[in-house]
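Colleague: I would like to see how this sequence folds:
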Amino acid sequence: MQPKVQFLATLRPVLETIGSQQLDAGLDVQLNRDFPPGSPVFEDIREACRAGAEDGWMQLQGDASRRGARVIEPAAESAGLSVDVVELADIVGPHHRHPGGEICAVLPVTAGARFDGRGEGWTVYPPGSEHWPSAEGGRLRVMFFLPGGVIEYTDRVASLGSGSASE
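Modeller: Next up, the predicted model:
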């Protein structure tokens, strides 16, 4: 089976759960309840992202502190969501908005690494949210879903204290 097809199959339970639900705190709770770290689905996703990044089929671009790629374009098979994977290490990334929201699986590579102050698990940003994505405490991977593949990068410059999801 081709790596992207297999990756999409691994994501199927999460995609079916997301469906057409509101991207809000309720979905955040549901994903962390239904697919918590240590569960078979979460661990299969972790392994698929590790293998895709290390084997090169995901074709992550960038440098040692930030590299990533869009792995799956939005389509019917992905519930209209794009899937991107990034690796981050102790960095504050570029400011952006989530017009339709964003769903992230936070996958620490370094024990204790955090994304936007949150550890391993799921993080859901509602439509209209914005942030400077931050990684601290080491290296992590973040797999994220975007409705329609839409993300809007801005020209805002990070300042001390930046990084919250609603700035």
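Colleague: could you pull out the strands for this protein?
Modeller: Along the chain, the stretches classed as strands by DSSP state E are 61-62, 66-72, 81-92, 96-98, 102-108, 114-115, 121-125, 129-131, 134-147, 152-153.
Colleague: could I get those as CSV with mean neighbour count?
Modeller: C-beta here means a position set from N, CA and C on the backbone, and glycine is covered the same way. CSV is the format used below for the strands of the chain (neighbours: other CB atoms under 10 Å):
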stretch, mean neighbour count
strand 61-62, 10
strand 66-72, 19
strand 81-92, 21
strand 96-98, 19
strand 102-108, 23
strand 114-115, 22
strand 121-125, 22
strand 129-131, 19
strand 134-147, 21
strand 152-153, 10
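Colleague: closest to Ser20 out of those?
Modeller: Each of these was scored for nearness to Ser20 using CB to CB, and the closest is strand 134-147 (9.6 Å).
Colleague: List the buried residues in stretch 53-67.
Modeller: Buried residues in stretch 53-67, counted by 16 or more other CB atoms under 10 Å: 53, 57-58, 60, 66-67.
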